[in-house]
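Participant: got a predicted structure plus its sequence, pasted below:
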Amino acid sequence: MLETIGAPSLEALFACVPEKHRLGRELDLPRAASEQELLAELEGLASQNMNSSSHAWFLGAGTYPHFIPSAVDAIASRSEFYTSYTPYQPEITQGTLQVIFEWQTLIAGLTGLPVSNASLYDGASAAAEATLMALRLTRRSRVVVSAGLHPHYRAVISTYLAGLGTEIAELPRGSDGRTANPDNFITDDTACVLIQQPNFFGCLEELSTAAQTTRARGALLIAVVNEALSLALLRSPGESGADIVCGEAQSFGVPMGFGGPHLGFLVTRDTYLRQLPGRIVGQTEDAQGRRGFVLTLSTREQHIRRERATSNICTNQGLCLLLATVYLSLFGRVGLRKLAEINLAKAEYAKARVRATPGLSLPYSAPTFNEFVVGVPRPAVECIAKAEQAGIAAGLDLKPFTPELGNALLVCTTELTRRSDIDRLVDVLAGGRA
Amino acid sequence: MSPRQTPARNASRGLAYEEPLLFERSRPGSIGYSLPELDVPAVNAAQVLGGEQLRHDVPELPEVSEVEVIRHFTRLSTWNASVDLGLYPLGSCTMKYNPKVNERAARIPGFAQVHPLQPAVFAQGILTLMARLERQLCEISGMNRVSLQPAAGAQGELAGIMMIRAYFEQRGERRNTVLIPDSAHGTNPASAALNGFFVASLPTGDDGVLHPETVERVMSPDVAALMLTNPNTLGIFEEHMARIAEIVHAQGGLVYGDGANLNALLGIARPGDFGIDVMHFNLHKTFSTPHGGGGPGSGPVGVKNILAPYLPVPVVRERAASEGGGCVLDYDFPHSIGRLHGNLGNAGMFVRAYTYLRSLGPDGLRRCAEMAVLSANYLKERLRGAYTLPYDRPVMHECVLSDKALADSGVTALDVAKRLIDYGYHPPTIYFPLIVNGALMIEPTESESLDGLDCFVDAMLAIAREARENPELVRGAPHHTRLSRLDETRAARRPVLRWQAPVS
């Protein structure tokens, strides 16, 4: 090969790198490990992490423990999917393209709005992209964010907007755990109102009322969903009047995986299509009139429009949307609803146990889906440590987020939660025997 | 004919299957799930939540059995080109082999079933892995600090530009312009604009590199940064890099390095040693995490010490033994640009990239760069003559050809790409970089054997011959795929973005 190139040595191939820029030494990295040694090292690291196989799991807060059917990973393990890339050449990437089209259909149906992109990084960046989209659509400069929005989503929105001089106002939370009616908080320069459903504290918001108020003031309602399973049971945000629905679909077969990769989504009305960020797949035909799919509307995107693009985004979460599409195919319209009802029943049982247990309380009265706040008799961080010893991941300590709540835990239950786990958790939190 | 097509009737040729949309396979009553028995009292959802909150319509989800689900997606998978199937020389995307041990590692329950909000004290294994990966990326790049948080290269760029903005704000300087060569990836100007910067495009020289004079001419105290990809998208090392960085630094500006092409430099040279102040990595390119049909990526951002105060939070910090040891998540960065990701980034990709780095070690990494550069130069020499070399000089990890040599035949880069499909190859990147008309940008990576490269060359040479002798054959390609060329104009003009049930 060197002879064909006309180079005397491998070293000579790097002659174009000026001498002064060369490293001139070996990288100071650990020596290569054999596969066997490496797996032992990794197993050792993994064993230091509490996980939902080792513990009964009540920690949600935007990342949910759900059972993943075996068929999901069987498909995701097909390297025809995972070693392929963005489907620039549609004739030889119809597999990926059709899956994305199916995902767009599924998430549109679940959210109740017609137009979805091919996914975004995660729920938080999807909320930020949705906000940027609303700013472009309305040409206004202020956004109103519910105090019930996941604090990390709120933080990411602030990061994305920092360079744009946008004002961010907060819609306060009422004593029942729900967000106030936005009416008094929307000004003439308000582009959008963001409300999470169910909200960060698990409470169900009155989206329809918020949508009416927001619309009357010429602003857009962005509904944020981060427990996507709730969409199977709750009135869809689209039907409630949301203009954009965005969030996180990790619940649909994507492992918790220490927080990523997950599956951001963004769905909107037909009229806002041209301002949608990210890849979009559309249906078309080949020269013989056979149905096929392609990446489309790319004149919105960075590789064509450069600094005038709707977003700088380039990748989508193709592999994660494959997991979600397989997951939703398995559960289907009947199974998904049943699954959501199981989640609700577990939470209602847990809430009843909490209500009946001295020392524990339910500070919020609004209805919930599969997650809720529990008042505990001593610092939540102590409860979490004690529960861990009993093989339980107890929930999220809310102190860093909402100190005004006092000692409180955010607790979720899913189909994985057994009645006996709930009973044990209640005992541990109340201070009894584990 | 009934809209229902049975798999048997769908078998088109041999084992090449036709397959409808999932929704068209749906049959009421088909079940692909199993649910655990309810061990708590059942509840009436309408009573618990209130009728107003309840969903009354039925979302458009299919009803299919498990075996149908498996067949559906398995058949779709056979319609994809992939690295595991063959050479995928998509320029600037570094489609290298993804070792299987990466996938096994990422699925260990102690990584896959860990929650991002569990107390750090119960997540020491993954935090230790992240700290080690950050340190290894620092050593590879010559940067002082790395944050793994950005979810993809473009978000890494965004983080980098945000840190540059925060840096100047902190210093009380108002700088509104970012300089970007015309050969850059589209994400560069888009990321700068998203941060409110004005973008000034710099022309690449006739020799395929950026010249110090070009930068000197436009450099001013209004310029916050120059964004540069090195090696650039022509596959050429920016040899005036040091001088260019000096010019930018002399006027107080910073230099951003797009790390998309880092594969060429592993163990050879480090961005931090040639004047780069901030850069991103693409774990899915250089460090073999899978491309996943378009993602997830992972785009860690690395900085020199001057930008460290602005890193996204939280930062993974290894505590000294005197502090109790272990790793903690540190939020105490008052000048931080804030949070970019709902959690800590695409941790599943950190596990895979770490696995890759540990598999290769320093020797293996350098070998990657050497073999990638050897392969790209070999392809360039073998294809010389049949295709035009717009910048005829030694390249690094990729080479850019153009269709100019085929001009008389009317065959374009797009036609060559489509004809390559008939020969069993995923085409190279085409029509990029924008400064080359009819570009074919080829990145073979280190994963290809000499035999594999020669077969690809044979196909490329055969197509050049066909362009002369039978141009219609090339212009009508692909001929052997399930579908022929797809009508992209139609897709954009009348967007159909989801399946809708036929109205009966």
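Facilitator: That came through fine. Numbers count the residues shown, from 1 in each chain, chains lettered A, B, ... in the order given.
Participant: low-confidence ranges in chain B?
Facilitator: Applying pLDDT under 70 to chain B picks out residues B:1-14, B:504.
Participant: who are the contact partners of the residue most central in space within chain A?
Facilitator: The C-alpha lying nearest the average C-alpha coordinate of chain A belongs to residue A:248 (CA atoms, centre = their mean; 2.3 Å). By CB atoms under 8 Å, 6 or more residues apart in numbering or on different chains, the contact set of residue A:248 is A:62-63, A:122-124, A:126, A:225-226, A:228, A:262-265, B:342. C-beta coordinates here come from the backbone N, C-alpha and C atoms, glycine included.
Participant: which among these end up buried?
Facilitator: Among these, those classed as buried by 16 or more other CB atoms under 10 Å in any protein chain shown are A:62-63, A:122-124, A:126, A:225-226, A:228, A:262-265, B:342.
Participant: quick one, longest helix in chain A?
Facilitator: Assignment by DSSP state H gives helix A:318-355 as the longest helix of chain A.
Participant: buried ones in the helix or strand just after it, by neighbour count?
Facilitator: Counting by DSSP states H and E, the next helix or strand C-terminal to helix A:318-355 is strand A:371-375. The neighbour-count check on strand A:371-375 (16+ other CB under 10 Å) flags A:371, A:372, A:373, A:374, A:375 as buried.
Participant: can you tell me which of those residues are up against chain B?
Facilitator: Here nothing survives when the buried residues of strand A:371-375 are matched to chain B using CB under 8 Å from any CB of the partner chain.
Participant: chain center to the helix or strand of chain A with the lowest mean pLDDT, what's the gap?
Facilitator: In chain A, the helix or strand scored least confidently by mean pLDDT, DSSP states H and E is helix A:302-305, which has a mean of 82. Between the centre of helix A:302-305 and the centre of its chain there are 26 Å (CA atoms, centre = their mean, to the nearest Å).
Participant: again, but for stretch B:144-155
Facilitator: 13 Å.
Participant: okay, the residue nearest to the residue nearest to the centre of chain A when sequence neighbours are not counted: pLDDT?
Facilitator: Closest residue to residue A:248 apart from its sequence neighbours, by CB to CB, 6 or more residues apart in numbering or on different chains: residue A:123 at 2.9 Å. pLDDT, residue A:123: 98.
Participant: from memory residue A:123 sits against residue A:157, does it?
Facilitator: No. Here residue A:123 does not reach residue A:157: they are 11.3 Å apart, not a contact under CB atoms under 8 Å.
Participant: what domains does the record give for the chain?
Facilitator: This is for chain A. A:56-68+A:332-430, A:70-326 (automatic domain parsing).
Participant: nope, chain B please
Facilitator: Here the domain parsing of chain B from automatic domain parsing is B:7-77, B:101-356, B:367-490.
Participant: so which of those comes closest to chain A?
Facilitator: Closest to chain A of the domains of chain B, according to CB to the nearest CB: domain B:101-356, at 2.6 Å.
Participant: end to end on the closest one, go ahead and measure it.
Facilitator: From its first residue to its last, domain B:101-356 covers 8 Å (CA to CA, to the nearest Å).
Participant: excluding covalently adjacent residues, which one is nearest to residue B:262?
Facilitator: Nearest-residue entry for residue B:262: residue B:286, 4.7 Å, with adjacent residues in sequence omitted and distances by CB to CB, 6+ apart.
Participant: give me the neighbour count for that neighbour.
Facilitator: Residues within reach of residue B:286, counting by other CB atoms under 10 Å in any protein chain shown, total 27.
Participant: the one 5 residues further on now?
Facilitator: Taking other CB under 10 Å as the criterion, the count of residues near residue B:291 is 28.
Participant: what pLDDT is listed against residue A:375?
Facilitator: At residue A:375, the pLDDT recorded in the model is 97.
Participant: from residue A:398, how far out is it?
Facilitator: Counting by CB to CB, to the nearest Å, the separation of residue A:375 from residue A:398 is 10 Å.
Participant: now the common contact residues for those two.
Facilitator: Joint contacts of residue A:375 and residue A:398 (CB under 8 Å, 6+ apart) are A:405, A:408.
Participant: and the buried ones among the contacts of residue A:248, which of them are in helices?
Facilitator: Per DSSP H, the buried ones among the contacts of residue A:248 map to helices at A:123, A:124, A:126.
Participant: of the contacts of residue A:248, closest to residue B:451?
Facilitator: Using CB to CB, residue A:263 is the member of the contacts of residue A:248 that sits closest to residue B:451, with 39.6 Å.
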